[in-house]
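# what's the 3D shape of this:
(chains A and B)
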Amino acid sequence: MKPAAALAFAVAAAMAWRAGATLLMEARRLAASDQPAWSQRLLASTDARIARALGADAAILAALQAAAPRPALVVVASPTADLATLTPERFEAINRRNGLIVQLQNLAYPDPWLQSVTDPYGVAAGLRAAGRDARVLQLPGDPAPREAEAWRAQALADGAVLWSLP
Amino acid sequence: MTALATFAWVLGVAVAAPAVFGRGVLLAAVGGGIAPAVAWGHGYLLGQCLLAPVTLLQARLDWPVHGAIAPLVAAALGVALARRAARAVASPSAGGMTWTLGVAIALFVERCLAAAADPIRVSDEAMNWASKAKVLFAGPWAGIGEPLAHFVSHADYPLLDPLVQMQAFAAAGRVLHWENRAPVQAFGVALLLLVGAALAGRARPAVACATLLALLGTRLPGYGCTAYADVMLAACAFAAFDALARARDGAGRGWWPVACVLLAGAVATKQEGLLVAGAALAPFAAERALAGPRRAVAGWRRAAWLAVPALAAAGQARFVAAYGLANDMLDAPGRAGLAARIVAQAGTHGPKVLAHHLELLLDGAATGWLPLGLFVAAPVAVVLRGRDVFAGVGAHACCACALALAAYMAVFVGTVHDVAWHLAVAADRTTLHVLPIAALGLAAVAAPRAAVTRGP
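Below is the predicted model:
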């Protein structure tokens, strides 16, 4: 075999191997049980896709969008932790909560614009004092405002509450 | 409107219309006589690159015209231009590539439709790209500075990906949550068309088909079915490389301007697009410069077209400056510049970056051994066949891939982040940008199509 032909043969063999691996991988992927049904891919409404992706948390998103005025800025407490006392359980909880906030932010924008901040009640009060409307989303596990009587609460879903200053 | 009807409408306005427009522009520019896969592949990319500034202008001026009008008018123009140009022609003796390409595209489209079941809600897909498209679309323009700063991650990244998604929003008249992936995913289809056509034209049929399937087995389709901009960049870079090769091969004067628009597309897709565009252009520029003073002088006249990618870079810089945005790698506050960091961190980060990239090149599932094969096969081919190798595209592809990967590695060495983390989250995607060029180079250098000496 000439050297140039040997090079072509070697590359052809390597590519044939990779092509085989591709076809095997694709066959496995297509046969996997977690593949979405064709009705979910083509026919499902956007709300149904969101409900499938978010599970029970989809109710919070729907209630938030229905309750918040348009346009609105809604602030939510960003998860914080002290590294010295962080436990694996707390880390997991923060991770879950952060994931939920990111998903709510991206699926809600622009109605409302959900922004995570360290002091949501302080930020909302500051914006209100400056003449801007801002509300606070209290997710399950978040504290209520300290002077709750000064705020108006609107129950959303799944324990979430939307707070606003009158 | 039902979900399926909205999706079909978005496909028509944000995918088919740009493709028809771009195909017409391409045929008018190069005079036809090209395979349909080439016409539609280049056409889609050209159409999106040319329509994106219109989409931006429409939003910026708050133009009171439905968002579907501009793409549909452009498509009508595309039809008129295509009628005046010579017809596209079938590629000669595709040798099984038509079927292979059909299978590859069907598998990729199936992945894209599977991804559509899930709305865009996490990761860079949501936080960097779709979020920016939503901000630009929802406006009002005067107030976008605040959400750009606080809602969009890496708001300094270029605009082509958000603009093609925004075209989907404009078609529907509202923000969407999964249909807007389609125009980004279509870059993957265009890329497969172009790689398939280029492989069929420049390599022996069996190797061409196997290499296309090998490319499909890399991480490319996994990112291609999302709204990430990486496959967009890979597509623009490959299309520019292909157009440069055709211009070099004398396939028509129109390929050089087409290449420049596609280089602009690469620049407007990601920050690192400038590196990849430069790497794709460099071997052809060097070849031209080495060809002698007469060709070099003629080249300088045509170099005026390079103003197109320069304009894309300038427009991006203006957008970043207008909204006070900063890049984490280039404008890191309180840190030395990128070049200074590369020098300072070479000793500590260099070996880690090199080792990680070597691992990637050896990882068949990540890179399909395509760049590795090219880096081995190209020098061997030069030894075996001498200067003949430079008549094809293998040596150019080897040079472009080596330059791009070297530039990426240098940027990783100068990272402001933890280097191990940065490599873990980004290196496979940056390598992906040159995989299609590596695939073409490898097949063309190792098993060149005997009947073709200069391009398909």
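
# how distant is the one helix or strand B:Cys112 maps to from the center of its chain?
Per DSSP states H and E, B:Cys112 falls inside helix B:97-116. Between the centre of helix B:97-116 and the centre of its chain there are 18 Å (CA atoms, centre = their mean, to the nearest Å).

# Kindly report the same for stretch B:113-120.
Distance, stretch centre to chain centre, for stretch B:113-120: 22 Å (CA atoms, centre = their mean).

# Same question for stretch B:339-348.
With CA atoms, centre = their mean as the basis, stretch B:339-348 stands 29 Å off its chain's centre.

# mind saving the C-alpha coords of it as CSV?
This file holds the C-alpha atoms of stretch B:339-348, laid out as CSV (Å, rounded to 0.1, in the frame of the first residue of the first chain):
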residue,chain,number,x,y,z
ALA,B,339,-2.3,40.4,27.3
ALA,B,340,-0.5,41.2,30.6
ARG,B,341,-2.5,38.5,32.4
ILE,B,342,-1.6,35.9,29.7
VAL,B,343,2.1,36.6,30.3
ALA,B,344,1.8,36.7,34.0
GLN,B,345,-0.3,33.5,34.3
ALA,B,346,1.4,31.5,31.6
GLY,B,347,3.5,29.5,34.2
THR,B,348,0.6,28.6,36.5
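
# Can you list the buried residues in that stretch?
Buried residues in stretch B:339-348, defined by neighbour count with 16 or more other CB atoms under 10 Å in any protein chain shown: B:341-342, B:345. For every residue, glycine as well, the C-beta is placed using N, CA and C.

# which SS class is the most centrally placed residue in chain A?
Central residue of chain A (CA atoms, centre = their mean): A:Gln103, 1.6 Å from the mean position. What DSSP: H, G, I helix; E, B strand; the rest coil gives for A:Gln103 is helix.

# Once you drop chain neighbours, what's closest to it?
Excluding its sequence neighbours, the residue lying closest to A:Gln103 (CB to CB, 6 or more residues apart in numbering or on different chains) is B:Arg121, at 4.4 Å.

# these two touch, right, that neighbour and A:Asp57?
No. The criterion here is CB atoms under 8 Å, and B:Arg121 misses it with A:Asp57 at 10.7 Å.

# would you list every one of the strands in the chain?
Picking chain A for this. Using DSSP state E, the strands of chain A run over A:73-77, A:113-117, A:134-138, A:152-155, A:161-164.

# that's the other chain; I wanted chain B
All residues of chain B lie outside strands when identified by DSSP E.

# so where is chain A shaky, pLDDT-wise?
In the prediction, chain A carries no residues with pLDDT under 70.

# Point me to the residue of the stretch 351-456 of chain B nearest chain A.
Going by CB to the nearest CB, chain A is nearest to B:Ala446 of the stretch 351-456 of chain B, at 3.6 Å.

# Next, count neighbours for that residue.
Per other CB atoms under 10 Å in any protein chain shown, the neighbour tally for B:Ala446 reads 28.

# closest to A:Leu24 out of the strands of chain A?
Closest approach to A:Leu24 among the strands of chain A (CB to CB): strand A:113-117, 43.3 Å.
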